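Engineer: compute the structure for the input listed below.
(chains A and B)
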Amino acid sequence: ILNVEQSPQSLHVQEGDSTNFTCSFPSSNFYALHWYRWETAKSPEALFVMTLNGDEKKKGRISATLNTKEGYSYLYIKGSQPEDSATYLCAFDTGRRALTFGSGTRLQVQP
Amino acid sequence: KAGVTQTPRYLIKTRGQQVTLSCSPISGHRSVSWYQQTPGQGLQFLFEYFSETQRNKGNFPGRFSGRQFSNSRSEMNVSTLELGDSALYLCASSMQGFRTDTQYFGPGTRLTVL
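Structural biologist: Now for the predicted structure:
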């Protein structure tokens, strides 16, 4: 059974704060790591697909890094805004196209 | 481009019944995956289809089945419903399911089993 862990479980920050979350995954059989953002009552929104050790991806104020050797990925949000409030999920892929999801980090940004 | 659509959005069934959920992928996408989300277990992989063939299956009982049609639309079926099958069922589509392919999710079908 694959274990994908995310921390923290939840986070409350003020508007303008920068924040980061961690996703830990098995360092063996790595194929890809996906990050999603999921707002209540909406579809999960794809943020990044990361495949290479050392990958860094950026989308606006959100960026992510990947370390496959030690089995972790960081997601950073610079200057958080209330609209960033959502659950952020990472998902590990061993190549079977069967994503194993972490339990998510719930972010609440206070105006 | 239209996103992934799922029908129906909400369903209420009773124990012992069966249910069929439908997923229409993004145009041009040939891979469709299904996931179950429950409060206790989070998002769990059910199965993945590509060109009408099931390529992978998660750890779910045989009551859960699916299929994919030639137009890439997919259905999943749950027979002999149990209370524990109450969940949000999400489908996701991708171009071909390659390593760098993004899986795009639909809004889900909320199934309640009474």
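
Engineer: all contacts plus neighbour counts: C-alpha atoms, from now on.
Structural biologist: OK.

Engineer: ok, residue B:32 - contacts?
Structural biologist: By CA atoms under 8 Å, 6 or more residues apart in numbering or on different chains, the contact list for residue B:32 reads B:25, B:48-50, B:72-74, B:91-94.

Engineer: tell me the centre residue of chain B?
Structural biologist: residue B:34 (3.2 Å; CA atoms, centre = their mean).

Engineer: surely that one and residue B:77 touch.
Structural biologist: No - with contact defined as CA atoms under 8 Å, residue B:34 does not reach residue B:77; the gap is 11.1 Å.

Engineer: residue in chain A nearest to chain B?
Structural biologist: Nearest residue of chain A to chain B, counting by CA to the nearest CA: residue A:43, 4.4 Å away.

Engineer: where does the residue in chain B positioned nearest to chain A sit: helix, strand or coil?
Structural biologist: Chain A sits closest to residue B:107 of chain B, with a gap of 4.4 Å, by CA to the nearest CA. For residue B:107, the assignment made with DSSP: H, G, I helix; E, B strand; the rest coil gives coil.

Engineer: tell me the contacts of the residue nearest to residue A:24 when sequence neighbours are not counted?
Structural biologist: In space, and not counting its chain neighbours, residue A:24 is closest to residue A:72: 4.4 Å by CA to CA, 6 or more residues apart in numbering or on different chains. Contact analysis of residue A:72 by CA under 8 Å, 6+ apart lists A:22-25, A:66.

Engineer: partner residues bridging residue A:72?
Structural biologist: residue A:24, residue A:67 (DSSP bridges).

Engineer: what about residue B:52, how many neighbours?
Structural biologist: For residue B:52, the neighbour count with other CA atoms under 10 Å in any protein chain shown is 19.

Engineer: okay, the nearest residue to it once chain neighbours are set aside: pLDDT?
Structural biologist: In space, and not counting its chain neighbours, residue B:52 is closest to residue B:68: 4.6 Å by CA to CA, 6+ apart. What the model reports as pLDDT for residue B:68 is 97.

Engineer: show the pLDDT at residue B:99.
Structural biologist: pLDDT, residue B:99: 78.

Engineer: can you tell me the SS state at it?
Structural biologist: Going by three-state DSSP: residue B:99 is coil.

Engineer: what residues does chain A have near chain B?
Structural biologist: Applying CA under 8 Å from any CA of the partner chain, we find that chain A lies next to chain B at A:31-32, A:34, A:41-46, A:48-51, A:95-103.

Engineer: of the residues you listed, just the buried ones, PyMOL syntax please.
Structural biologist: Only the buried entries of the residues of chain A next to chain B go into this PyMOL selection, using 16 or more other CA atoms under 10 Å in any protein chain shown:
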select buried, chain A and resi 31+32+34+43+44+45+46+48+49+50+51+97+98+99+100+101+102+103
